[in-house]
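Chemist: pasting a predicted model and its sequence here:
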Amino acid sequence: MAIKSTIFKADLQVNDTDRDYYEMHKLTLARHPSETDERLMLRLLAFAMHADAQLEFAGSISTEETPALWKKNLSGEIQDWIELGQPDEKRIRKACGRSRQVYVYCYNSQKAKPWWQGIKSSFDRFDNLKVIFLSDEPLKALAAMAERTMQLTCLVQDAEITISDPDHEATIIPEVWLEAKGNVRNKS
């Protein structure tokens, strides 16, 4: 018998001074049995960094056809494609061809840094790709906030993200490994 996903609920207040975006989001996240608290909270962090009424959690950890999150316009075209981890070049090529902007959030320095060294030269041709590395220690602090029901506040200011709950706080400073060259928004 297959193990079912665990449902998490989060009330997320986003205060993004970089984009002048201030909204409360009531989110439901399904955690796949193989997904860690760190990856679950990274999905929530990516949502907070790109918060928008059209942004959605797209697929599960095992879905090949969809990213972790995406934003579509009213006609169904993919505006933002957001990946987590270390996707292969074929997946990135597909994402860049199907969407206006692609974001890859790398984490786990033991895996991400060798992945980046081996693949970065093949990403030069993508004008709509941004690759961001998130350090291990802040993500561990973020993972400590994973609860079935969460009340979170996110402050984004000068490209620095602070997420807190009543008992914890994590400050994440994204390290941009590749900046998009195309005509896309400047802030993530």
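Modeler: Alright, I've got the coordinates.

Chemist: only C-alpha atoms from now on, for both contacts and neighbour counts.
Modeler: Noted.

Chemist: and the residue nearest the centre of the chain, what element?
Modeler: Central residue check for the chain by Cα atoms, centre = their mean: the C-alpha nearest the mean position is that of residue 46, 2.8 Å away. Residue 46 is located in helix 37-49, with elements delineated by DSSP states H and E.

Chemist: name the residues that touch that helix?
Modeler: For helix 37-49, contacts defined as Cα atoms under 8 Å, 6 or more residues apart in numbering pick out 12, 14, 16, 29, 31, 55-56, 68-69, 82, 84, 105, 139-140, 142-146, 154, 156, 161, 188.

Chemist: and if you look at stretch 125-138?
Modeler: For stretch 125-138, with Cα under 8 Å, 6+ apart as the criterion, the contacting residues are 93, 96, 100-109, 112, 123, 170-184.

Chemist: pLDDT on it, on average?
Modeler: Mean pLDDT, stretch 125-138: 95.

Chemist: ok, back up a step: which ones among the contacts of stretch 125-138 lie within strands?
Modeler: When DSSP state E defines the strands, the subset of the contacts of stretch 125-138 inside them is 100-106, 170-172, 175-178.

Chemist: dump those residues to a markdown table, plus distance to residue 133 and neighbour count.
Modeler: Formatted as a markdown table, the entries for the ones in strands among the contacts of stretch 125-138 read as follows, by distance: Cα to Cα, whole Å; neighbours: other Cα atoms under 10 Å:
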| residue | distance to residue 133 | neighbour count |
| --- | --- | --- |
| 100 | 21 | 20 |
| 101 | 17 | 25 |
| 102 | 14 | 27 |
| 103 | 11 | 26 |
| 104 | 8 | 23 |
| 105 | 6 | 24 |
| 106 | 5 | 25 |
| 170 | 16 | 20 |
| 171 | 14 | 18 |
| 172 | 10 | 21 |
| 175 | 5 | 14 |
| 176 | 6 | 13 |
| 177 | 7 | 14 |
| 178 | 10 | 16 |
